[in-house]
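Enquirer: Sequence and predicted structure are below.
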Amino acid sequence: MRGLLKDWCSLGGGVEFGETFEEAIHREIFEGLGCQITILNNSTVCENIFEHYGIKGHEVI
């Protein structure tokens, strides 16, 4: 008998400072699933590198 799925967690994580969105996606998928991916089309992505109260940050939307 197969085990029942009791809980799940979506893949994801953070973006390392200075890392591009493509690098972050490849890394997060590899860390979460242990496999490589190919991005087939150009996604609409907004990247923002900023400084807030003297601390540099990086976000991807």
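Expert: Done, it's in. Note that the coordinates shown come from a computational prediction; the quantities given were computed from them, not determined experimentally.
Enquirer: quick one, helices of this protein?
Expert: Here the chain has its helices, by DSSP state H, at 21-33.
Enquirer: for this protein, what are the low-confidence residue spans?
Expert: In the predicted model of the chain, residues 1-10, 12 satisfy pLDDT under 70.
Enquirer: if you set the cut-off to 90 instead, what comes out?
Expert: 1-29, 31-33, 37-52, 55-61 (pLDDT under 90).
Enquirer: can you count the residues close to Arg27?
Expert: When neighbours are counted by other C-beta atoms under 10 Å, Arg27 registers 15. (C-beta placed from N, C-alpha, C; glycine too.)
Enquirer: Leu11 now?
Expert: Using other C-beta under 10 Å, Leu11 has 10 neighbouring residues.
Enquirer: Run through the residues that contact the closest residue to Glu28 other than its chain neighbours.
Expert: Nearest non-adjacent residue to Glu28, counting by C-beta to C-beta, 6 or more residues apart in numbering: Gly13, 4.9 Å away. Gly13 sits next to 24, 28, 31-32 when contact means C-beta atoms under 8 Å, 6 or more residues apart in numbering.
Enquirer: swap in His26?
Expert: 36-37.
Enquirer: at 10 Å instead, please
Expert: Contacts for His26 were tallied using C-beta atoms under 10 Å, 6 or more residues apart in numbering; they are 19-20, 36-39.
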